[in-house]
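K.L.:
Using only what follows, build the 3D model:
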Amino acid sequence: MKAKIVILACLTAVIFSGNASAEERKIQGEVSITGQHLNIEGEKAKFNEYRDIRDGVTGGLEFQYERGNYYLDFQGQEVGRKDQSYELSGGKWGSFKYDFSFDQLPHNFTYGARTFYSGVGGNNLTYPTHPPSTNFTTWNTFDYSIERKNYGGGIKLDLIKPFYVGVSVAREERTGVYPLGAAATSPGGISLELPTPINYQTDYLRLEAGYNKKPLSLQFTYLYGQFQNDNSSLNFRNPGTANTAVTTDSFTLPPSNDYYKFDFKGALKLPWNSKLNADLGFSRTQASRILADSYTSDVTAATSNTGIQGRTRVILNDYVFDGKLDTQKYNFELTSNPLYFLDGKLFYRYYNTDNKSDQITTTDSTASPSTFNNAAELFDYTNYRFGAELGFRLPWSFYLRGGYTRNYIDRHREDIPENDDDIYGIRLSWSGVEYLVVRLEYERLNRKADFHVPPGSPAIENYIRRYDAAPKEQNTYKASVDFIPFENLTFNVGYKYRDVDYTDTILGLQKVKSNEWHVDADYLIAKRVRLFGYFDYEYGKLDQFQRQFTADATANPALPPTTTNFNWTITETDRNYAYGFGTDIYVLPKKLTLKLQFSYINSTGFADYTYLLGANPLPTGRTQDNIDINNLDNYSLRYFLTKATYQATKSFSFSVGYAYEKYVYNDAQYNGYQFVPGTTGSSGSFLTGAYANPNYRANLYFLNIGYQF
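P.N.:
A predicted model of the protein is given here:
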């Protein structure tokens, strides 16, 4: 209903724009039609991961209309495809404006996935005979794919200047199936891949009002969002049970929820070329969920405290969870340029989450799993960030800028509840000549953190430091050069180096180093040939120190190594590089253009493991070399395009072209993929083929006809 009101209001505005009939009209635009033929070998889903390229015809439309102060713009792209988009906007300058939009985007994971379950696409998965068949050729096939659709529209009125008001609505729909991992520990440690339904709908209503007249601007915004999920849980027959009874397990899926947000933004111009900005906001997310009152267990009706074969009762203080999360933010920023050679900035940012959800507890000390720990902890945190920057224009065209930032985080977390960051930065640039700009930057981050061993934790927790919050010292260096010696040549080169040292880490990630280079160039020769190219290279190295142990008493990494209790290290290196080059040849200026383009992306990962066993022998069949991983997330992508465009007349243009794309993926986790790895029967694992064999080779031929008016 809200969307219909906005649409009617906008259409009314268009109708009443007819009083400008005596004024000059301006109409222009373009219509294009593209025919495509695709030949592809391999995984079509990976090729079309976020697009819809296939045989057939698509098109586009651009339209602009003006009459006096009134205007109307329309754009449509990839018409009829799953990645199509449309946008309509219009209004009267200085009085009102409106807009409508629709866009569609697919996210394709895997085509032709397989499962022994029936009911894919719904929230009840089952199979007829226990244990399920391990002959995957007899399984049901389906596609892992999600389709997203966005609808939106709004109107903004500026009639009572300097005041304005606006209202807009939007809807996002997501439908499809995506893979969800599951593990059943009884018996034999079965792993499952479950085709999980996606049927989401999110509606938004946005109201805004403001004031805009120098030296003051104010904006008040209210946003309401409602998320709905048709499937609150995924119910599936569990092949991890030894008995032949039909036992159903459940995964909870995202619950429906409501979101409210109030926001205020303001800006005030002050003397000495200064400006004060403020951004204040409050939001609340809330949801309610019925909790599961039991879990699947391999028990008989005689031993189950529910009296139902295959299920064990969980005793909770409340079987309805009411979730509520409040968020507050306060951001202030003062910028000033009082003197031509001096500018600066002061800022303060505050962000806080307050978790007011129900705390669920259990009095069932014998229930398994016992990971309830009698209480489910609620997570929230507070973040303060403040600092200052100063910039100085120095003689000989130098500019120097330095700054300091203090960042503090207080979170509900047992091992590292607090972080204190001190961040120092400095940047020097030189632009003494018009064709050259040189920049140098340095940043230092010092992170402090107090470590606490959670009560009742295993002994290994005394030594582990998790890298997301662990103390560290980080140095970052940057350099770049922009070189434009004459009008038709641009050249840019840059370098970045980062060094991270986790100073307090005993077990975990200890060091990170990375190097990045990039080069870009563009050259136009005699207004007939344009050459362009780029090269990027990244190298990263991560060092970890870890412990293999059999009991709490042997968790200390300072103990002498044995054949079963020892330390080990891993050095992971990642090398990524990409390059591309091409040319636009203006064979007949403004008539015939030939475009050639090639690009290549390559990523190579290597994990070097080392067992620190001292004089003890390595496990049978293992050496320091064969435990390494030589193909860690390796991939390459090649792309080639050739295209000719002929401008037949001022209005008609024709393009014909060919594109080639090849993707190769090589990773130890997916090579030799099996639907039923390990042992057979109910003791094995069951996979569906998600993300397996993503390699493809594609040839695309296309013809485009365009008409400009």
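
K.L.:
wait, doesn't Ile53 sit right on Leu700?
P.N.:
Yes - assessed by C-beta atoms under 8 Å, Ile53 is found in contact with Leu700 at 6.5 Å. Bear in mind the C-beta positions are built from the backbone N, C-alpha and C, glycine included.

K.L.:
hey, what's in contact with both of the two?
P.N.:
Counting by C-beta atoms under 8 Å, 6 or more residues apart in numbering, the residues touching both Ile53 and Leu700 are Gln36, Leu38.

K.L.:
Now do the helices in this structure.
P.N.:
With helices called from DSSP state H, the chain shows them at 2-15, 44-47.

K.L.:
can you list the weak-confidence ranges in the stretch 501-650 of the chain?
P.N.:
Applying pLDDT under 70 to the stretch 501-650 of the chain flags no residue at all.

K.L.:
oh, I was asking about the stretch 51-200 of the chain
P.N.:
183-189.

K.L.:
mind redoing it with 50?
P.N.:
185-187 (pLDDT under 50).

K.L.:
how near is Glu377 to Pro454?
P.N.:
10 Å (C-beta to C-beta, to the nearest Å).

K.L.:
that older thread, which one of the helices of the chain has the lowest average pLDDT?
P.N.:
In terms of mean pLDDT, the lowest-scoring of those is helix 2-15 (a mean of 40).

K.L.:
okay, now the spatially closest residue to Trp430 that is not a sequence neighbour: neighbour count?
P.N.:
Nearest non-adjacent residue to Trp430, counting by C-beta to C-beta, 6 or more residues apart in numbering: Val438, 4.8 Å away. When neighbours are defined as other C-beta atoms under 10 Å, Val438 has 15 of them.

K.L.:
so Val438 bridges to which residues?
P.N.:
Counting by DSSP bridges, Val438 is bridged to Trp430, Val481.

K.L.:
residue contacts, it?
P.N.:
Ser429, Trp430, Ser431, Ala479, Ser480, Val481.

K.L.:
what's near enough to touch the second one?
P.N.:
Think Trp430. With C-beta under 8 Å, 6+ apart, Trp430 has these contacts: Trp396, Ser397, Phe398, Tyr399, Val437, Val438.

K.L.:
rerun at 6 Å
P.N.:
Ser397, Phe398, Val438 (C-beta atoms under 6 Å, 6 or more residues apart in numbering).

K.L.:
any idea of the pLDDT on it?
P.N.:
96.

K.L.:
again with the last one
P.N.:
What the model reports as pLDDT for Val481 is 97.

K.L.:
What is the neighbour count of it?
P.N.:
14.

K.L.:
List the buried residues of stretch 508-528.
P.N.:
Gly508, Leu509, Gln510, Lys511, Val512, Ser514, Glu516, His518, Asp520, Ala521, Leu524 (16 or more other C-beta atoms under 10 Å).

K.L.:
As a check, name the ranges of all strands in the stretch 301-450 of the chain.
P.N.:
311-313, 320-339, 342-355, 381-394, 398-411, 418-433, 436-449 (DSSP state E, counting those that start in this stretch).

K.L.:
Which one of those strands has the poorest average confidence?
P.N.:
strand 311-313 (a mean of 66).

K.L.:
now Thr134, nearest residue through space, not along the chain?
P.N.:
Using C-beta to C-beta, 6+ apart, the nearest residue to Thr134 is Val676, at 4.6 Å.

K.L.:
From Ala690, how far off is that neighbour?
P.N.:
When Val676 is compared with Ala690 (using C-beta to C-beta), they lie 14 Å apart.

K.L.:
More neighbours: these two, which one.
P.N.:
With neighbours defined as other C-beta under 10 Å, Val676 and Ala690 compare such that Val676 has more, 18 against 15.

K.L.:
Surely that one touches Ser133?
P.N.:
No - Val676 is not in contact with Ser133 according to C-beta atoms under 6 Å; the separation is 9.2 Å.

K.L.:
Give the bridge partners for the one residue sitting closest to the centre of the chain, please.
P.N.:
Closest residue to the average C-alpha location of the chain: His107 at 12.7 Å, with C-alpha atoms, centre = their mean. Beta bridges link His107 to Ile146, judged by DSSP bridges.

K.L.:
Return the distance of it relative to Pro255.
P.N.:
Counting by C-beta to C-beta - His107 and Pro255 are separated by 22 Å.

K.L.:
swap in Gly122?
P.N.:
Applying C-beta to C-beta to Gly122 and Pro255 gives a distance of 18 Å.
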